[in-house]
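K.L.:
what follows is a predicted structure for the sequence shown.
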Amino acid sequence: MKTHVRYLCVMLIFVFMVAALSGCATPSIRALEMNESQVKLRSMQTRAFDTTDKKLMMQTVISTMQDLDFVIDKADFTLGSVTGSKFLGQAVVTMTVTVRSRGEKQLLVRINAQYGVKSVEDPVTYQDFFTSLEKAMFLTAQQVD
Amino acid sequence: MKRIVDFLKRISLICFCLGLVGCVSIPTGFLKPNEGYLQNRELQMRQYDTTDQGKIMTSVAGVLQDLGFTLDASETDVGFVAASKKADATNAGQVFFMALLGGRRAVEQCDSAQVVKVSVITKPSLDSKKTVVRVTFQRIVWNKINQINRVETLADPMIYQKFYDSLSKSIFLEAQKI
(Lines give C-alpha, C1' and ligand atoms only; values in the text may rest on other atoms or scores of the structure.)
Protein backbone atom coordinates (compact mmCIF):
# COMPACT_ATOMS: atom_id res chain seq x y z
CA MET A 1 0.00 0.00 0.00
CA LYS A 2 2.73 2.36 1.11
CA THR A 3 4.77 1.77 -2.03
CA HIS A 4 1.73 2.48 -4.12
CA VAL A 5 1.18 5.85 -2.49
CA ARG A 6 4.83 6.72 -2.90
CA TYR A 7 4.72 5.69 -6.55
CA LEU A 8 1.65 7.85 -7.10
CA CYS A 9 3.32 10.85 -5.44
CA VAL A 10 6.45 10.51 -7.54
CA MET A 11 4.39 10.29 -10.68
CA LEU A 12 2.26 13.30 -9.75
CA ILE A 13 5.36 15.38 -9.10
CA PHE A 14 6.71 14.26 -12.43
CA VAL A 15 3.50 15.25 -14.23
CA PHE A 16 3.55 18.70 -12.64
CA MET A 17 7.18 19.12 -13.58
CA VAL A 18 6.48 18.32 -17.21
CA ALA A 19 3.52 20.67 -17.16
CA ALA A 20 5.60 23.44 -15.62
CA LEU A 21 8.49 22.98 -18.03
CA SER A 22 6.39 23.10 -21.15
CA GLY A 23 3.83 25.30 -19.46
CA CYS A 24 2.27 28.57 -20.11
CA ALA A 25 3.37 32.12 -19.61
CA THR A 26 0.49 34.46 -18.94
CA PRO A 27 -1.40 35.68 -22.02
CA SER A 28 -0.48 39.31 -21.40
CA ILE A 29 3.18 38.43 -21.82
CA ARG A 30 2.51 36.32 -24.88
CA ALA A 31 0.93 39.18 -26.81
CA LEU A 32 4.33 40.64 -27.63
CA GLU A 33 6.27 37.42 -27.62
CA MET A 34 8.86 36.78 -30.30
CA ASN A 35 10.77 33.54 -30.52
CA GLU A 36 13.22 34.24 -33.28
CA SER A 37 15.53 37.21 -33.27
CA GLN A 38 13.90 40.16 -34.96
CA VAL A 39 16.57 40.50 -37.63
CA LYS A 40 16.38 36.83 -38.58
CA LEU A 41 12.60 36.95 -38.74
CA ARG A 42 12.64 40.06 -40.87
CA SER A 43 15.11 38.61 -43.32
CA MET A 44 13.08 35.45 -43.87
CA GLN A 45 9.87 37.43 -44.30
CA THR A 46 11.20 40.15 -46.60
CA ARG A 47 12.33 40.24 -50.22
CA ALA A 48 13.07 43.11 -52.61
CA PHE A 49 11.85 43.24 -56.20
CA ASP A 50 13.21 45.39 -59.04
CA THR A 51 10.01 47.25 -59.86
CA THR A 52 8.25 50.40 -58.72
CA ASP A 53 4.74 49.40 -59.78
CA LYS A 54 3.15 49.08 -56.35
CA LYS A 55 -0.33 48.57 -57.72
CA LEU A 56 0.70 45.70 -59.98
CA MET A 57 2.71 44.16 -57.16
CA MET A 58 -0.30 44.27 -54.84
CA GLN A 59 -2.55 42.79 -57.50
CA THR A 60 -0.05 40.01 -58.14
CA VAL A 61 0.26 39.35 -54.40
CA ILE A 62 -3.53 39.03 -54.18
CA SER A 63 -3.60 36.73 -57.19
CA THR A 64 -0.83 34.56 -55.71
CA MET A 65 -2.72 34.36 -52.43
CA GLN A 66 -5.82 33.30 -54.33
CA ASP A 67 -3.75 30.55 -56.01
CA LEU A 68 -2.99 29.31 -52.51
CA ASP A 69 -6.70 29.16 -51.61
CA PHE A 70 -6.64 32.29 -49.47
CA VAL A 71 -9.70 34.46 -49.30
CA ILE A 72 -8.72 38.11 -49.21
CA ASP A 73 -10.24 39.92 -46.25
CA LYS A 74 -8.73 43.38 -46.54
CA ALA A 75 -6.54 45.44 -48.81
CA ASP A 76 -5.25 48.99 -48.52
CA PHE A 77 -3.35 50.70 -51.28
CA THR A 78 -1.90 53.52 -49.17
CA LEU A 79 -0.47 51.14 -46.60
CA GLY A 80 0.25 48.59 -49.28
CA SER A 81 -1.22 45.86 -47.13
CA VAL A 82 -3.19 42.77 -48.06
CA THR A 83 -4.69 40.42 -45.49
CA GLY A 84 -6.13 37.03 -46.27
CA SER A 85 -7.12 33.83 -44.53
CA LYS A 86 -7.42 30.19 -45.34
CA PHE A 87 -8.39 27.07 -43.49
CA LEU A 88 -5.93 24.26 -43.04
CA GLY A 89 -7.33 21.25 -41.25
CA GLN A 90 -8.81 22.61 -38.03
CA ALA A 91 -6.78 25.83 -37.92
CA VAL A 92 -7.01 29.18 -39.63
CA VAL A 93 -3.97 30.51 -41.44
CA THR A 94 -3.95 34.29 -41.65
CA MET A 95 -1.43 36.16 -43.69
CA THR A 96 -0.59 39.83 -44.08
CA VAL A 97 1.54 41.04 -46.96
CA THR A 98 2.88 44.58 -47.04
CA VAL A 99 4.37 46.24 -50.09
CA ARG A 100 6.40 49.42 -49.74
CA SER A 101 9.00 51.19 -51.80
CA ARG A 102 12.69 50.79 -51.12
CA GLY A 103 14.81 53.51 -52.63
CA GLU A 104 13.98 54.73 -56.13
CA LYS A 105 13.95 51.46 -57.99
CA GLN A 106 12.75 48.72 -55.71
CA LEU A 107 9.75 47.43 -53.81
CA LEU A 108 9.99 45.62 -50.52
CA VAL A 109 7.52 42.81 -49.88
CA ARG A 110 7.09 41.47 -46.38
CA ILE A 111 4.81 38.64 -45.32
CA ASN A 112 3.64 37.50 -41.93
CA ALA A 113 1.79 34.24 -41.55
CA GLN A 114 0.02 32.87 -38.52
CA TYR A 115 -1.12 29.30 -38.07
CA GLY A 116 -3.89 29.22 -35.49
CA VAL A 117 -2.44 31.10 -32.52
CA LYS A 118 1.19 30.63 -33.52
CA SER A 119 3.26 32.74 -35.85
CA VAL A 120 5.04 30.89 -38.61
CA GLU A 121 8.80 31.06 -38.20
CA ASP A 122 9.88 28.56 -40.81
CA PRO A 123 12.01 30.11 -43.61
CA VAL A 124 11.04 27.41 -46.12
CA THR A 125 7.33 28.22 -45.81
CA TYR A 126 7.98 31.89 -46.59
CA GLN A 127 10.35 30.97 -49.41
CA ASP A 128 7.53 28.91 -51.00
CA PHE A 129 5.38 32.02 -51.19
CA PHE A 130 8.15 34.16 -52.68
CA THR A 131 8.85 31.47 -55.28
CA SER A 132 5.23 31.65 -56.44
CA LEU A 133 5.31 35.45 -56.36
CA GLU A 134 8.52 35.54 -58.44
CA LYS A 135 6.91 33.39 -61.10
CA ALA A 136 3.83 35.56 -61.20
CA MET A 137 5.82 38.81 -61.39
CA PHE A 138 8.48 37.50 -63.82
CA LEU A 139 11.04 39.04 -61.48
CA THR A 140 13.59 37.73 -59.04
CA ALA A 141 13.03 38.10 -55.33
CA GLN A 142 16.19 39.39 -53.73
CA GLN A 143 17.29 38.67 -50.22
CA VAL A 144 17.54 41.81 -48.10
CA ASP A 145 20.29 42.16 -45.51
CA MET B 1 10.02 -9.12 -16.02
CA LYS B 2 8.06 -6.99 -13.57
CA ARG B 3 10.70 -4.27 -13.84
CA ILE B 4 10.36 -4.16 -17.59
CA VAL B 5 6.58 -3.85 -17.33
CA ASP B 6 7.02 -1.07 -14.75
CA PHE B 7 9.47 0.70 -17.00
CA LEU B 8 7.12 0.46 -19.95
CA LYS B 9 4.28 1.83 -17.82
CA ARG B 10 6.38 4.80 -16.85
CA ILE B 11 7.45 5.48 -20.40
CA SER B 12 3.87 5.37 -21.64
CA LEU B 13 2.81 7.73 -18.85
CA ILE B 14 5.56 10.18 -19.81
CA CYS B 15 4.52 10.03 -23.44
CA PHE B 16 0.92 10.60 -22.41
CA CYS B 17 1.86 13.68 -20.35
CA LEU B 18 3.99 15.08 -23.13
CA GLY B 19 1.17 14.48 -25.56
CA LEU B 20 -1.28 16.32 -23.32
CA VAL B 21 0.79 19.42 -22.72
CA GLY B 22 2.91 19.21 -25.85
CA CYS B 23 2.94 21.35 -28.92
CA VAL B 24 0.90 21.07 -32.05
CA SER B 25 3.51 21.59 -34.71
CA ILE B 26 2.90 23.93 -37.63
CA PRO B 27 2.69 22.01 -40.90
CA THR B 28 5.12 23.08 -43.61
CA GLY B 29 4.51 23.63 -47.29
CA PHE B 30 1.10 25.26 -46.92
CA LEU B 31 2.25 28.28 -48.91
CA LYS B 32 3.07 26.12 -51.90
CA PRO B 33 0.41 25.98 -54.62
CA ASN B 34 -1.17 22.54 -54.90
CA GLU B 35 -1.36 20.67 -58.18
CA GLY B 36 -4.80 21.80 -59.20
CA TYR B 37 -4.14 25.52 -58.95
CA LEU B 38 -4.01 26.12 -62.69
CA GLN B 39 -7.43 24.55 -63.14
CA ASN B 40 -8.74 26.66 -60.29
CA ARG B 41 -7.32 29.70 -61.98
CA GLU B 42 -9.16 28.83 -65.16
CA LEU B 43 -12.37 28.40 -63.20
CA GLN B 44 -12.01 31.63 -61.25
CA MET B 45 -10.71 33.99 -63.92
CA ARG B 46 -12.27 35.75 -66.87
CA GLN B 47 -11.01 38.48 -69.18
CA TYR B 48 -13.06 41.43 -70.36
CA ASP B 49 -12.33 43.50 -73.43
CA THR B 50 -11.99 46.81 -71.66
CA THR B 51 -9.30 48.72 -69.82
CA ASP B 52 -11.81 50.60 -67.69
CA GLN B 53 -11.25 48.95 -64.31
CA GLY B 54 -13.60 51.35 -62.59
CA LYS B 55 -16.47 50.19 -64.74
CA ILE B 56 -15.71 46.53 -64.03
CA MET B 57 -15.50 47.24 -60.29
CA THR B 58 -18.88 48.95 -60.26
CA SER B 59 -20.37 46.03 -62.14
CA VAL B 60 -18.80 43.53 -59.74
CA ALA B 61 -20.26 45.36 -56.75
CA GLY B 62 -23.63 45.43 -58.51
CA VAL B 63 -23.54 41.70 -59.25
CA LEU B 64 -22.60 40.86 -55.67
CA GLN B 65 -25.57 42.87 -54.49
CA ASP B 66 -27.78 41.16 -57.05
CA LEU B 67 -26.69 37.80 -55.64
CA GLY B 68 -27.58 38.93 -52.12
CA PHE B 69 -24.08 39.59 -50.78
CA THR B 70 -23.19 42.39 -48.37
CA LEU B 71 -20.00 44.26 -49.17
CA ASP B 72 -17.48 43.96 -46.33
CA ALA B 73 -14.39 45.71 -47.67
CA SER B 74 -13.12 47.25 -50.84
CA GLU B 75 -10.10 49.08 -52.18
CA THR B 76 -10.73 50.55 -55.59
CA ASP B 77 -7.08 51.53 -56.15
CA VAL B 78 -6.09 47.86 -56.24
CA GLY B 79 -9.35 46.66 -57.75
CA PHE B 80 -10.44 44.63 -54.73
CA VAL B 81 -13.90 43.86 -53.32
CA ALA B 82 -14.83 41.45 -50.50
CA ALA B 83 -18.36 40.46 -49.61
CA SER B 84 -20.22 37.86 -47.58
CA LYS B 85 -23.65 36.34 -47.28
CA LYS B 86 -25.42 34.19 -44.71
CA ALA B 87 -27.43 31.28 -45.99
CA ASP B 88 -29.22 28.15 -44.88
CA ALA B 89 -27.12 24.98 -45.21
CA THR B 90 -29.66 22.39 -44.12
CA ASN B 91 -29.52 19.28 -46.24
CA ALA B 92 -32.72 17.21 -45.88
CA GLY B 93 -30.96 14.01 -46.96
CA GLN B 94 -28.19 14.44 -44.40
CA VAL B 95 -30.68 15.16 -41.60
CA PHE B 96 -32.69 12.05 -42.52
CA PHE B 97 -29.63 9.76 -42.51
CA MET B 98 -28.24 11.17 -39.28
CA ALA B 99 -31.63 10.77 -37.61
CA LEU B 100 -31.78 7.19 -38.84
CA LEU B 101 -28.27 6.42 -37.62
CA GLY B 102 -27.99 8.28 -34.36
CA GLY B 103 -31.22 10.00 -33.36
CA ARG B 104 -31.45 13.51 -31.96
CA ARG B 105 -27.78 13.82 -30.92
CA ALA B 106 -26.62 13.02 -34.42
CA VAL B 107 -29.11 15.41 -35.99
CA GLU B 108 -27.53 18.22 -33.96
CA GLN B 109 -24.28 17.60 -35.85
CA CYS B 110 -25.95 18.25 -39.22
CA ASP B 111 -25.16 21.33 -41.28
CA SER B 112 -27.43 24.20 -40.34
CA ALA B 113 -26.14 27.61 -41.40
CA GLN B 114 -23.35 28.89 -43.59
CA VAL B 115 -21.54 32.09 -44.44
CA VAL B 116 -20.27 32.39 -47.99
CA LYS B 117 -17.29 34.72 -48.35
CA VAL B 118 -16.28 36.06 -51.71
CA SER B 119 -13.28 38.12 -52.78
CA VAL B 120 -12.86 39.67 -56.20
CA ILE B 121 -9.76 41.19 -57.69
CA THR B 122 -9.55 43.00 -61.02
CA LYS B 123 -6.28 43.78 -62.72
CA PRO B 124 -4.99 44.62 -66.19
CA SER B 125 -3.98 41.63 -68.33
CA LEU B 126 -0.31 41.04 -69.22
CA ASP B 127 -0.59 42.99 -72.49
CA SER B 128 -2.56 45.73 -70.67
CA LYS B 129 -5.32 45.65 -73.29
CA LYS B 130 -7.88 43.74 -71.26
CA THR B 131 -9.03 43.50 -67.67
CA VAL B 132 -8.75 40.24 -65.76
CA VAL B 133 -11.33 39.49 -63.08
CA ARG B 134 -10.73 36.77 -60.52
CA VAL B 135 -13.21 35.62 -57.92
CA THR B 136 -12.91 33.09 -55.08
CA PHE B 137 -15.74 31.71 -52.97
CA GLN B 138 -15.26 30.13 -49.55
CA ARG B 139 -17.82 28.95 -47.07
CA ILE B 140 -17.98 28.28 -43.35
CA VAL B 141 -20.64 25.79 -42.27
CA TRP B 142 -22.08 25.60 -38.76
CA ASN B 143 -24.10 22.74 -37.26
CA LYS B 144 -27.29 23.05 -35.25
CA ILE B 145 -25.43 23.58 -31.96
CA ASN B 146 -23.34 26.41 -33.40
CA GLN B 147 -20.07 24.57 -33.91
CA ILE B 148 -18.11 24.97 -37.10
CA ASN B 149 -18.57 21.79 -39.11
CA ARG B 150 -16.27 22.59 -41.99
CA VAL B 151 -14.66 25.34 -43.99
CA GLU B 152 -13.95 24.97 -47.65
CA THR B 153 -13.14 26.75 -50.87
CA LEU B 154 -15.97 26.24 -53.30
CA ALA B 155 -14.88 24.46 -56.45
CA ASP B 156 -18.27 23.98 -58.08
CA PRO B 157 -17.98 25.37 -61.64
CA MET B 158 -21.70 26.25 -61.61
CA ILE B 159 -21.21 28.92 -58.95
CA TYR B 160 -18.43 30.62 -60.87
CA GLN B 161 -20.34 30.29 -64.12
CA LYS B 162 -23.38 31.94 -62.54
CA PHE B 163 -21.28 34.78 -61.17
CA TYR B 164 -19.64 35.49 -64.53
CA ASP B 165 -22.92 35.20 -66.43
CA SER B 166 -24.38 37.85 -64.14
CA LEU B 167 -21.23 39.97 -64.43
CA SER B 168 -21.28 39.87 -68.23
CA LYS B 169 -24.91 40.95 -68.19
CA SER B 170 -24.19 43.66 -65.65
CA ILE B 171 -21.26 45.05 -67.65
CA PHE B 172 -23.50 45.14 -70.69
CA LEU B 173 -26.21 46.94 -68.72
CA GLU B 174 -23.65 49.43 -67.41
CA ALA B 175 -22.47 50.04 -70.95
CA GLN B 176 -26.05 50.64 -72.02
CA LYS B 177 -26.67 52.79 -68.91
CA ILE B 178 -29.81 50.94 -67.87
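P.N.:
Looks like it came in fine. Residues are numbered from 1 along each chain as shown, chains lettered A, B, ... in the order given.

K.L.:
by mean pLDDT, flag the weakest helix or strand of chain A.
P.N.:
helix A:27-30 (a mean of 62; mean pLDDT, DSSP states H and E).

K.L.:
where does pLDDT dip in chain B?
P.N.:
Within chain B, the stretches with pLDDT under 70 are B:1, B:8, B:11-24, B:174-178.

K.L.:
elements contacting whichever strand or helix holds A:T94?
P.N.:
Using DSSP states H and E, A:T94 falls within strand A:91-102. Judged by 3 or more CB pairs under 8 Å, 6 or more residues apart in numbering or on different chains; DSSP states H and E, the packing partners of strand A:91-102 are helix A:54-67, strand A:81-88, strand A:106-115. C-beta: built from backbone N, CA, C; applies to glycine.

K.L.:
and stretch B:68-82, which residues are buried?
P.N.:
For stretch B:68-82, a neighbour-count test (16 or more other CB atoms under 10 Å in any protein chain shown) marks B:F69, B:A73, B:S74, B:E75, B:V78, B:G79, B:F80, B:V81, B:A82 as buried.

K.L.:
now do stretch A:70-78
P.N.:
A:F70, A:V71, A:I72, A:D73, A:K74, A:A75, A:D76, A:F77.

K.L.:
now render the buried residues of stretch B:68-82 as CSV, adding secondary structure and distance to B:R10.
P.N.:
Below are the buried residues of stretch B:68-82 laid out as CSV (DSSP: H, G, I helix; E, B strand; the rest coil; distance: CB to CB, whole Å):
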residue, secondary structure, distance to B:R10
B:F69, coil, 58
B:A73, strand, 55
B:S74, strand, 60
B:E75, strand, 59
B:V78, coil, 59
B:G79, coil, 62
B:F80, strand, 57
B:V81, strand, 59
B:A82, strand, 54
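
K.L.:
and which of the residues you listed is nearest B:F30?
P.N.:
Comparing the buried residues of stretch B:68-82 against B:F30 with CB to CB places B:A82 closest, at 21.5 Å.

K.L.:
contacts only, for that closest one.
P.N.:
A:V71, A:I72, A:D73, A:K74, B:L71, B:D72, B:A73, B:S74, B:K117, B:V118, B:S119, B:V120 (CB atoms under 8 Å, 6 or more residues apart in numbering or on different chains).

K.L.:
same for whatever helix or strand the third one lives in, what does it pack against?
P.N.:
Just to be clear, that refers to A:D73. Secondary structure assignment for A:D73, by DSSP H and E: strand A:71-76. Packing contacts for strand A:71-76, counted by 3+ CB pairs under 8 Å, 6+ apart, involve helix A:54-67, strand A:81-88, strand B:70-75, strand B:80-88, strand B:111-124, strand B:131-143.

K.L.:
bridging residues for B:D111?
P.N.:
B:N143 (DSSP bridges).

K.L.:
so how far is B:N149 from it?
P.N.:
From B:D111 across to B:N149, the span is 6 Å (CB to CB, to the nearest Å).

K.L.:
same deal with B:G29?
P.N.:
Taking CB to CB, one finds B:G29 at 26 Å from B:N149.

K.L.:
the two: which is more packed in?
P.N.:
Taking other CB atoms under 10 Å in any protein chain shown, B:G29 and B:N149 do not tie; B:N149 has more neighbours (16 against 10).

K.L.:
checking the more buried one next. Helix, strand or coil?
P.N.:
Here B:N149 is recorded as strand under DSSP: H, G, I helix; E, B strand; the rest coil.

K.L.:
contact partners for it?
P.N.:
So B:N149 contacts B:Q109, B:D111, B:V141, B:W142, B:N143 (CB under 8 Å, 6+ apart).

K.L.:
likewise for A:T64?
P.N.:
Contacts of A:T64 by CB under 8 Å, 6+ apart are A:F129, A:S132, A:L133, A:A136.

K.L.:
tell me the one of those residues nearest chain B?
P.N.:
A:F129 (4.2 Å; CB to the nearest CB).

K.L.:
let me know how buried the closest one is, in neighbour terms.
P.N.:
Neighbours of A:F129 (other CB under 10 Å): 25.

K.L.:
so it makes contact with B:P33?
P.N.:
No. Using CB atoms under 8 Å, A:F129 makes no contact with B:P33, being 9.7 Å away.

K.L.:
leaving out chain neighbours, which residue sits closest to residue 61?
P.N.:
In the absence of a named chain, this looks at chain A. Leaving aside its chain neighbours, A:V61 sits nearest to A:V97 (5.0 Å; criterion: CB to CB, 6 or more residues apart in numbering or on different chains).

K.L.:
not quite, go with chain B.
P.N.:
B:V81 (5.9 Å).

K.L.:
alright, calling it a day.
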